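>>> Here is my input; please provide its structure:
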Amino acid sequence: MTNQSIHSRLTVSDYTLNRFTWIPPSRGGFVPKNSQRWELKDGSQGCVRRTRLSGSGDGFLRLNNMKLPDTKTATVDRTIDVKKCEERCLSDCNCTSFAIADVRNGGLGCVFWTGELVEIRKYAVGGQDLYVRLNAADL
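This next block holds a predicted model:
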């Protein structure tokens, strides 16, 4: 890459090649967990929030074409729409993000995450919208 402000990393396994890219305008409310390793192009330790969630005044950043996070800290409610999902997540100080559970036919239900968001990535094509909670100052 010729643009030094774009960070990218490749991983290779038996049958797949994955490219992970961090573009500076999308940094928003997050910084690398280990900046020394990040400078060495090792993003394996992920990122942390620059600003803690306040519990009031927070909002959501919609990320398109995402692989949804690991579901160890997820709960599902299949009876509510996206507006109710947002309201419910904002009313729970532990909620860090949500996504529509069933994207067919207009979408219904939500998956909610608490704690760290593990194993998320952006796909070039496909994936789902992920709504990540941010402090009002980072929106």
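
>>> Test my guess that R52 contacts A136.
No - counting by C-beta atoms under 8 Å, R52 does not reach A136; the two are 11.6 Å apart. The C-beta positions use only the backbone N, C-alpha and C, and glycine is treated the same way.

>>> of these two, who's got more company?
A136 (12 against 9; other C-beta atoms under 10 Å).

>>> Quick check: which ranges of this structure have low pLDDT?
By pLDDT under 70, the low-scoring segments of the chain are 1-6, 21-28, 55, 105-106.

>>> Mind listing the residues bridging to the closest residue to C85 other than its chain neighbours?
With sequence-adjacent residues excluded and distances taken as C-beta to C-beta, 6 or more residues apart in numbering, C85 is closest to C110, at 3.7 Å. Here C110 sits in beta bridges with D77, I100, as judged by DSSP bridges.

>>> mind starting the numbering at 663 from now?
I'll keep to 663 as the first residue from here, and by that count the last item is C772.

>>> What's the local residue count around C772?
25.

>>> and the residue nearest to the spatial centre of the chain, what does it touch?
Centrality entry for the chain: nearest residue to the mean C-alpha point is V794, 5.3 Å, by C-alpha atoms, centre = their mean. Contacts for V794 (C-beta atoms under 8 Å, 6 or more residues apart in numbering) come out as 722-723, 725, 758-759, 779.

>>> if I've got this straight, it is in a strand?
Yes - assigned with DSSP: H, G, I helix; E, B strand; the rest coil, V794 falls within a strand.

>>> any idea how far it lies from Y785?
Noted for V794: a distance of 16 Å to Y785, by C-beta to C-beta, to the nearest Å.

>>> Any idea what the nearest residue to Y793 once chain neighbours are set aside is bridged to?
Spatial nearest neighbour of Y793, chain neighbours left out: F722 (4.1 Å); criterion: C-beta to C-beta, 6+ apart. Going by DSSP bridges, F722 is paired in beta bridges with R795.
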